[in-house]
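1. I need the structure of the sequence given here:
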Amino acid sequence: MQNNEEMNVDSLNNSLAPTSETLEAENMVLGAVFLEPDLINEIVLEPEHLNHMKNRLILKAMKELQSENVGIDTATVVNKIGNNLENVGGVSYITELAVSCPSTANIASYQNIVLEQYKTRKLAEAAANFLNNKTDQTADDIYRTYVEMQEIGLKKESNKRETLMEIYAEMNEDHGELTGIDTGFKDLNDMTGGLNGGDLIIVAARPSMGKTAFALNLAMKCCVTGGVADVFSLEMPEKQLTQRMLSAIGNIEGAKWRNPYRTFSDEDRNRAMKAIGIYDKWLMNIHDESTQTVAEIRAAVRKTQRKYPDLKHIVVIDYLQLITTLGKFDRHDLAIGSITRELKQMARQFNVPVVLLSQLSRGVEQRQDKHPMMSDLRDSGSIEQDADMIMFLYREDYYERDTDAKNIVEINIAKQRNGPVGTVQLAFMKEYSKFLPLERRYEE
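-> Okay, the predicted model is just below:
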């Protein structure tokens, strides 16, 4: 006798069984190709998208004829199917298909019906697999299947006139200096136009260069201007991150948080209380679980978007190499590539800038010139390919104590798809976890 879980799986599969509408839609697509053979060049369906095996075999034969530049009609399809003719219902079924479609006008609608049923079927299979075997792997399979299904479908028909009208409108409408979220630093804004939705932004540096503090400063600026931030910290607990941000808000030395009761002066205490009041009003969400997958990150971002659909939104992830990967990969760089690819897809789907922190290899330390380069990115191939912007942080005073460039961090924009590359200098008040424009470094 089946247990309740197995019965749930059967119920799920039965409820998602293909309908007669799906079969009719498949037949109409194949019939349309028989009616106008050139339509095979516009068909986005693949044999696997069809539910009925006989229709899969027929579409496969049509695709093969297309690749061989052979005309498609009942005779050529029958000949191509060959020994599998009985599996498609014989010549009579193919002949019926050839006369089943009265018009090709609605072929796009028929393809959509088939694709939607295919997506539902694949998601049902993943869900049933999870119900039968509840593991992290099968849970992640559902997420991966969902992402893959979002990318399948009919491409929207491009409209040159609409695109040109949009470009013309932008030429005659002032959108301000920024196209994206304000970074809080004019020089950086001038080079980037702000942090733009849909972009995967890599911030990479060796340890102690200030990359976490820099990313937090970006998230804080978004909140200051009325936006919302999701910060995923896989290395540092929420309390420690919050203390860092309170230090930045109130100009409180970070070391004093170890024992504030003993080390805080009256002024520190007043500043801390004011900082707490400011921070409490921000829409700052910190997710500090030490093991987080891309699926979990995606779910949290989706929740924030549903709650605040009209607000500016930034996502910060600290850091790439600590994100948990599910599934088996032959090499570590393939696992990293899977993560960056999915995070880029997430950035585009939710139209948010994703600031992803990354480590650099120790090769930097072996060179006389320790400025980071693309090749210093760990597993650099996939990171460099998927990123829209790559920023390297470098502090000369970390290596040269007698340098004149005290408390200065170089932000080297080494890659930017839609903008210039170059270097911006900022002041880094390390004791406050705070970045400032150079001209303001002596003010606070």
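
2. And the contacts of stretch 301-314?
-> 181, 195, 218-219, 222, 225-230, 283, 285, 315, 346, 350, 352-353, 355 (CB atoms under 8 Å, 6 or more residues apart in numbering). C-beta here means a position set from N, CA and C on the backbone, and glycine is covered the same way.

3. Mark which of those are buried, thanks.
-> Among these, those classed as buried by 16 or more other CB atoms under 10 Å are 181, 195, 218-219, 222, 227-230, 283, 285, 315, 346, 350, 352-353, 355.

4. Go through the residues you listed and flag which are in helices.
-> Among the buried ones among the contacts of stretch 301-314, the ones falling in helices (DSSP state H) are 218, 219, 222, 346, 350.

5. quick one: which of those residues is nearest residue 168?
-> When these are compared for distance to residue 168 (CB to CB), residue 350 wins out at 28.3 Å.

6. now the helix or strand containing residue 393, how far from the centre of its chain.
-> Assigned by DSSP states H and E, residue 393 belongs to strand 389-394. Averaging C-alpha positions (CA atoms, centre = their mean, to the nearest Å) puts strand 389-394 19 Å from its chain's average.

7. give me the low-pLDDT residue ranges for the protein?
-> Within the chain, the ranges that satisfy pLDDT under 70 run 1-19, 150-159, 173-176, 326-328, 330, 378-381, 440-444.

8. hey, what's the nearest residue in space to residue 383 that is not next to it in sequence bridged with?
-> Nearest non-adjacent residue to residue 383, counting by CB to CB, 6 or more residues apart in numbering: residue 377, 5.0 Å away. Under DSSP bridges, the beta-bridge partners of residue 377 are residue 360.

9. Neighbours of residue 306, how many?
-> The tally of other residues near residue 306 (other CB atoms under 10 Å) stands at 8.

10. mind checking how far it is from residue 237?
-> 26 Å (CB to CB, to the nearest Å).

11. Same question for residue 114.
-> With CB to CB as the criterion, residue 114 and residue 237 are 49 Å apart.

12. who has more neighbours, the two?
-> residue 114 (23 against 13).

13. residues touching that one, list them.
-> With CB under 8 Å, 6+ apart, residue 114 has these contacts: 22, 25, 26, 29, 45, 49, 50, 51.

14. List only those of these flagged as buried.
-> 22, 25, 26, 29, 45, 49, 50, 51.

15. where does the closest residue to residue 325 other than its chain neighbours land in three-state SS?
-> Nearest non-adjacent residue to residue 325, counting by CB to CB, 6+ apart: residue 335, 4.4 Å away. Of the three states, residue 335 takes helix under DSSP: H, G, I helix; E, B strand; the rest coil.

16. correct me, but residue 335 touches residue 324?
-> No. Look at residue 335 against residue 324 with CB atoms under 8 Å: they stay out of range, at 9.9 Å.

17. Give the closest residue to residue 209 in space, chain neighbours not counted.
-> Per CB to CB, 6+ apart, closest to residue 209 is residue 393, 4.4 Å.

18. Need the contact partners of the strand holding residue 393.
-> By CB under 8 Å, 6+ apart, strand 389-394 touches 192, 199-205, 209-211, 214, 360, 370-374, 377, 383-384, 409-417, 419.

19. Restricted to helices, list the residues you listed.
-> 192, 211, 214, 383, 384.

20. Distance to residue 244 and neighbour count for the residues you listed - can I get that in a markdown table?
-> Output for the ones in helices among the contacts of strand 389-394, formatted as a markdown table (distance: CB to CB, whole Å; neighbours: other CB atoms under 10 Å):
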| residue | distance to residue 244 | neighbour count |
| --- | --- | --- |
| 192 | 24 | 26 |
| 211 | 13 | 24 |
| 214 | 11 | 25 |
| 383 | 26 | 24 |
| 384 | 29 | 16 |
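
21. Among the residues you listed, which one sits closest to residue 126?
-> For the ones in helices among the contacts of strand 389-394, the nearest to residue 126 is residue 383 (28.2 Å; CB to CB).

22. quick one: that closest one and residue 389, what's the gap?
-> Residue 383 is 12 Å from residue 389, by CB to CB.

23. Between the two, which contacts overlap?
-> In contact with both residue 383 and residue 389: residue 202, using CB under 8 Å, 6+ apart.

24. circling back: could I get the ones in helices among the contacts of strand 389-394 in CSV, plus columns for distance to residue 265?
-> Below are these laid out as CSV (distance: CB to CB, whole Å):
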residue, distance to residue 265
192, 39
211, 30
214, 28
383, 44
384, 47
